[in-house]
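Novice: Have a look; sequence and predicted model below, questions after that.
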Amino acid sequence: MAVFQHDVLVIGAGLAGMRAALAAQGEGANVGMISKVHPVRSHSNAAQGGINAALDAGDSWEEHAFDTIKGSDYLADQDSVEVLCQEAGSELIALENMGVIFNRDEAGRLGTRMFGGASKARTYFVGDITGQAILHVMYEQLMKAEGAGQTPMRIYEEWLVTSLISDGDRCLGATLLDILTGEIHAVLAKGTIIATGGFGRVYEPSTNALICTGDGMSQAWRIGAPLMDMEMVQHHPTTLKGSGVLITEGARGEGAYLLNSEGDRFMEKYAPNAMELASRDVVSRAEQTEINEGRGIDGCVLLDMRHLPEKLIQERLWQIRELGIDLAGVDVVKEPIPIQPGCHYAMGGIKTDVHGATVVPGLYAAGEVACVSVHGGNRLGANSLLDTVIFGRRSGIAATTTGRDMDVPPLPDGVIENEKQRLQELFDRPQNSDRIAQIRWDLGVSMDKNVAVFRDADGLQEQQEEIKKLKERYASVPVEDKGKVFNTDLIFALELGYLLDCAEAIVIGAIGRTESRGAQFRLDYPERNDEEWLKHILLTYTPEGIRTDYTPVTITQWAPKERTY
């Protein structure tokens with residue numbers, strides 16, 4: 001058992017976490033960063049298509065902001081969107097200066113591609129591996145900082161945060177499981193930043209890595225930080241049949257078509273102007289409608305790139321070609337690839353302000369785990385990477401500045417002992433026929449059935465009952481591996497608890513929002529209702545149960561109006 005201390009503790013080492021850690025270190029903070037996997041294995045790797053910024057002379061941050069707000073179905077807070085879009089250009093240039101080798105056009109200037117929901121081509125990219133490229137450069141910056149005379153940063157690599165430490169008033173840090181040894185430790189900090197990503201594995205299929213289990217949302221929720229707009233779960237329209245692997249929106253940005261079983265480019269019916277580059281909620285619903293009405297192909301539609309030059313595919317979409325060959329036996333140069341909507345992104349999350357601060361003093365959040373809210377009911381493609389670096393940087397600066405004149409808090413009595421006892425109770429459960437993996441699978445499949453692209457009251461009530469049953473099963477499911485060293489069975493058990501928390505919040509929000517907006521499409525309430533529902537749903541965990549509150553959407557200069565494509 002050990003107790004570590006830092007000025008700023010960053011939980012999560014994807015792009016939001018790394019950017020927060022770099023910003024805090026740049027402000028002079030002693031930083032600790034925790035990751036349950038090696039940092040460059042973080043899910044930011046999976047972001048393929050690009051990052052948005054209004055840099056061209058014919059574009060403006062206002063146009064970028066309007067596209068974002070329109071795409072959000074007017075649920076995004078416009079003051080937050082203004083921050084995102086105003087700071088996008090300088091942050092993109094900062095990334096290039098760090099060493100990200102963005103695509104350039106024939107004149108040698110930064111080149112862009114179109115993305116869904118955008119009125120201009122403002123997506124800057126590195127082939128179809130943009131997230132991976134930025135993540136590796138960011139990690140290089142962390143290593144560079146280590147040798148640049150700055151306060152050394154400790155990276156707790158392959159350590160799992162099991163819970164946040166609170167004295168009832170503020171967040172003091174976290175308890176950690178050293179995955180290699182199985183020992184429990186504590187880290188105390190003046191400011192703690194959650195950057196653990198989303199909860200994509202609540203659903204099956206999902207584009208998300210197996211590590212995306214909503215850890216940070218659940219842990220922050222359990223110490224009093226409200227979760228906001230959890231019902232807003234984005235289903236990406238182009239996930240590969242079978243595996244759910246993401247097929248980048250960049251393919252459609254380069255000109256790929258969507259086809260049904262009759263060979264029709266069916267998006268002409270649903271979005272005659274934007275076609276395949278309508279926003280993701282619109283495209284996913286169109287695909288699912290085609291499938292439901294019998295014009296699908298074995299539960300899928302087709303993404304067709306055969307008309308694109310092979311040279312373009314090799315230069316800009318080479319990873320997608322490899323994925324198609326390896327996972328589906330399809331060469332996109334020669335034949336269409338089968339795709340379907342799959343869970344992709346959480347627009348909701350821990351409620352924060354534009355500095356990443358939550359209502360719990362000492363606790364901050366950034367990236368997909370947070371809800372600022374800049375994505376509202378539907379995130380535009382290529383705004384996610386932008387979100388991570390803008391609000392990662394802001395949260396790192398805010399956590400450092402706020403805690404500069406504070407002392408590192410003391411460890412409350414019994415914290416480590418209580419956490420050890422909680423984990424021991426998991427080990428002590430008697431054997432039964434149930435399995436952690438089976439509960440997790442049953443959760444994902446049932447969420448995809450009842451709380452996916454289309455929803456209604458009957459399905460949502462069914463899912464609420466299903467989650468109760470799953471939680472009962474979880475309360476007795478055994479951890480079969482009793483060892484300490486790299487006990488993945490224990491890790492999966494803890495992650496399942498976090499997933500169940502997130503699933504419960506998603507369903508409560510979806511039941512409560514009796515309208516259709518963005519990713520929330522209620523078949524029994526098919527219209528958007530601005531009079532009653534131009535507001536956010538906040539869910540707070542309390543000893544008495546889950547409390548529901550509401551807060552209005554912030555409108556600055558763009559009044560809500562009907563979305564057209």
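Specialist: Nice, I can see it. Residues are numbered from 1 along each chain as shown.

Novice: Now do the strands for the stretch 101-250 of the chain: every range, in order, please.
Specialist: 112-113, 123-124, 154-157, 159-166, 171-178, 184-194, 227-228, 233-240 (DSSP state E, counting those that start in this stretch).

Novice: ok and the longest one relative to strand 159-166, angle-wise?
Specialist: Note on geometry: by axes from the mean of the first three to the mean of the last three CA atoms, to 10 degrees, strand 184-194 and strand 159-166 are set 80 degrees apart in direction.

Novice: How far off centre is strand 184-194?
Specialist: 22 Å (CA atoms, centre = their mean, to the nearest Å).

Novice: Can you list the strands that that strand pairs with?
Specialist: According to DSSP bridges, strand 184-194 forms sheet pairs with strand 3-11 (parallel), strand 171-178 (antiparallel), strand 363-365 (parallel).

Novice: highest average neighbour count across the ones you listed?
Specialist: Highest mean neighbour count of these: strand 363-365, a mean of 30 (counted as mean count of other CB atoms under 10 Å). For every residue, glycine as well, the C-beta is placed using N, CA and C.

Novice: Poorly predicted segments of this structure, please.
Specialist: The model of the chain has pLDDT under 70 over residues 146-150.

Novice: Give me the helices and strands touching the top helix by length along it, please.
Specialist: Secondary structure assigned by DSSP state H gives helix 488-512 as the longest helix of the chain. If you count contacts as 3 or more CB pairs under 8 Å, 6 or more residues apart in numbering; DSSP states H and E, helix 488-512 packs onto strand 159-166, helix 215-222, helix 415-427, helix 436-450, helix 457-474, strand 535-542, strand 545-552.

Novice: follow-up on the earlier one: could you export the strands paired with strand 184-194 to JSON lines, including columns for distance to Glu63?
Specialist: Formatted as JSON lines, these follow (distance: least, CB to CB, whole Å):
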{"stretch": "strand 3-11", "distance to Glu63": "33"}
{"stretch": "strand 171-178", "distance to Glu63": "38"}
{"stretch": "strand 363-365", "distance to Glu63": "28"}
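
Novice: now for these, which one comes closest to Lys561?
Specialist: Smallest distance to Lys561 across the strands paired with strand 184-194 (CB to CB): 31.0 Å, for strand 363-365.

Novice: residues making contact with that closest one?
Specialist: Residues from elsewhere that reach strand 363-365, judged by CB atoms under 8 Å, 6 or more residues apart in numbering: 20, 164, 170-171, 191-195, 216, 220, 223, 225, 349-350, 352, 355-358, 395, 398-399.

Novice: swap in stretch 465-480?
Specialist: 426-427, 429-432, 434-436, 439, 442-443, 446, 450, 487, 489-490, 493, 496-497, 500, 503-504, 507.

Novice: Report the contact partners of the nearest residue to His43 once chain neighbours are set aside.
Specialist: Setting aside the residues directly before and after it, His43 is nearest to Ala209 in space (CB to CB, 6 or more residues apart in numbering), at 4.5 Å. Counting by CB under 8 Å, 6+ apart, Ala209 touches 43, 45-46, 200.

Novice: Pretty sure Gln78 sits against Glu62.
Specialist: No - Gln78 is beyond contact range of Glu62, at 11.1 Å (criterion: CB atoms under 8 Å).
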